[in-house]
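Colleague: Sequence plus the predicted model coming up.
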Amino acid sequence: MSSDRVQALLLALEAASENVPLRLLLAETLQAEGNTAGAVDQFEILLNAGQLPRDVLVPTATLALQAGNLPVAARCLDAARNAGVVEGVTELQRAVERELGAGEAPSELTEPLRVANQRTAELAPYMELDAPALGKRVTFAEIGGLDGVKKAIHRTIILPFQGPELYRKYGRQAGGGVMLFGPPGCGKTLLARATAGECGLPFFNVRIEDVLDPWMGISERNLHGLFDQARASAPCVLFVDELDAMAYARRKQQGSAGRALVDQFLQELDAIGAENEGLLVLAATNAPWDVDDALKRPGRFDRTIFVPPPDEDARRHIIRLLLTDRPSEEVDLKRLAKTTPLFSGADLSALVERAVDIVIEEALDSGQEPPLTTQHLEEALIAMRPSTLDWLASARNYVEFANQGGRYDEVSAFLKSREAKNWRE
């Protein structure tokens, strides 16, 4: 027989059937009075509506097992896995599997388990990769210019790996987090890969598609799995590309999904429940101002390196590399480097490709194979402008109005450089 409290709650729910806190209170009251089956029924109503709170999923599944309601237990298990719940899930799955037994079970029971196991296995192809096979080894010698950036990376990142005894003597561990930032197309990803090459370490490249998933909780689990794989291969370099997309500032977010991923990032960087010694985490972003501030605090991505557009010497070197193995005729590299201020490495690559298109058109018209010349490159240059200009315009606003802590001093210095000033004028 139901108590007066239960009757009152049922009456209240007749007038407000979608009131989640009220239904939760009814379920908890029924459970406290020993009506396990009745409590499970109320929890199931919330589960069907997708409104059963995340922290109640595992307890509800456990209660459903006690009541002999395997379908609800299996569905709660599946929902918990999808929501990224960790605590108690492994034990719960074992309990559900024990109840199912070795015999043939109805599909409505086995399907949620199959889906949960399938989601766990989604990372398997990545986890089984041999780390050195994740990319061709690159060194600084293959990157044109950026000498100042290379020196900063060598001092900040490479030396602690090459001389760990000295750093260990002073209580400094090799590892940590470094964020590369700057305009798109200026070589941040290539620099990260070259850093691993200079250290002779495996390189793991984490992209957006490796992490983000539309199912709640799966993105966090993907990120955790990638960090675990990197820890198992330490010492190694774990590179997170487009950090601003995966760790967008929580103060700017509307929903809760992105916040959970940022929280997971913080746990991984702080090595909660794990050990990050020997794990060097590099990240790249075009928008450091959009990265959550918590990730920039000491022990996380507290070390930042600005990767500017290549200077004149670097542009000359990049163009020379881009012309390697192409039929060309005494290209005036110095002249081209001088007429391409603020061009990124990607811009210069596009310039060469456009010039090649002009040469191919000439070859098709003449039936001959003319070499690539300075004239072809200058003709292609007429219709081009640096892609870095929009980024520099945005960066100027942050330098002027959001640089109280000196975080963007390197950007400020670059904006005062001769090339940047000349272009603005």
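Modeller: Done, it's in.
Colleague: quick one: low-confidence parts of the stretch 51-200 of the chain?
Modeller: Scanning the stretch 51-200 of the chain for pLDDT under 70 picks out the ranges 84, 86, 101-136, 172-176.
Colleague: Going along the chain, name the helices of it.
Modeller: Assigned helices in the stretch 51-200 of the chain, in chain order: 57-66, 70-82, 89-100, 107-120, 124-127, 147-153, 159-162, 164-169, 188-199 (criterion: DSSP state H, counting those that start in this stretch).
Colleague: report the longest helix in the chain, please.
Modeller: In the chain, assigned by DSSP state H, the helix with the most residues is helix 345-366.
Colleague: Show me what the mean pLDDT comes to for that helix.
Modeller: For helix 345-366, mean pLDDT is 93.
Colleague: got the angle for it vs helix 188-199?
Modeller: Inter-element angle recorded for helix 345-366 and helix 188-199: 110 degrees (by axes from the mean of the first three to the mean of the last three C-alpha atoms, to 10 degrees).
Colleague: Flag every buried residue along the helix or strand just after helix 345-366.
Modeller: Once helix 345-366 ends, the next helix or strand along the chain (criterion: DSSP states H and E) is helix 374-381. Neighbour-count burial for helix 374-381, with 16 or more other C-beta atoms under 10 Å as criterion, is recorded at 374, 376-377, 380-381. Glycine gets a C-beta too; all of them are placed from N, C-alpha and C.
Colleague: Turn those residues into JSON lines, including distance to Ser349 and pLDDT.
Modeller: Output for the buried residues of helix 374-381, formatted as JSON lines (distance: C-beta to C-beta, whole Å; pLDDT from 0 to 100):
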{"residue": "Thr374", "distance to Ser349": "17", "pLDDT": "95"}
{"residue": "His376", "distance to Ser349": "15", "pLDDT": "95"}
{"residue": "Leu377", "distance to Ser349": "12", "pLDDT": "96"}
{"residue": "Ala380", "distance to Ser349": "12", "pLDDT": "96"}
{"residue": "Leu381", "distance to Ser349": "13", "pLDDT": "96"}
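Colleague: before we move on, the earlier item: determine the set of other helices and strands touching the longest helix of the chain.
Modeller: helix 312-323, helix 374-381 (3 or more C-beta pairs under 8 Å, 6 or more residues apart in numbering; DSSP states H and E).
Colleague: before we move on, back to that, what's the closest of the helices of the stretch 51-200 of the chain to Leu26?
Modeller: Closest approach to Leu26 among the helices of the stretch 51-200 of the chain is made by helix 57-66 (13.6 Å; C-beta to C-beta).
Colleague: Mind listing what's buried along the closest one?
Modeller: Result for helix 57-66 [16+ other C-beta under 10 Å]: buried residues 57-58, 60-65.
Colleague: Tell me the one of those residues nearest Arg94?
Modeller: Looking at those and their distance to Arg94, the nearest is Leu65, at 11.2 Å (C-beta to C-beta).
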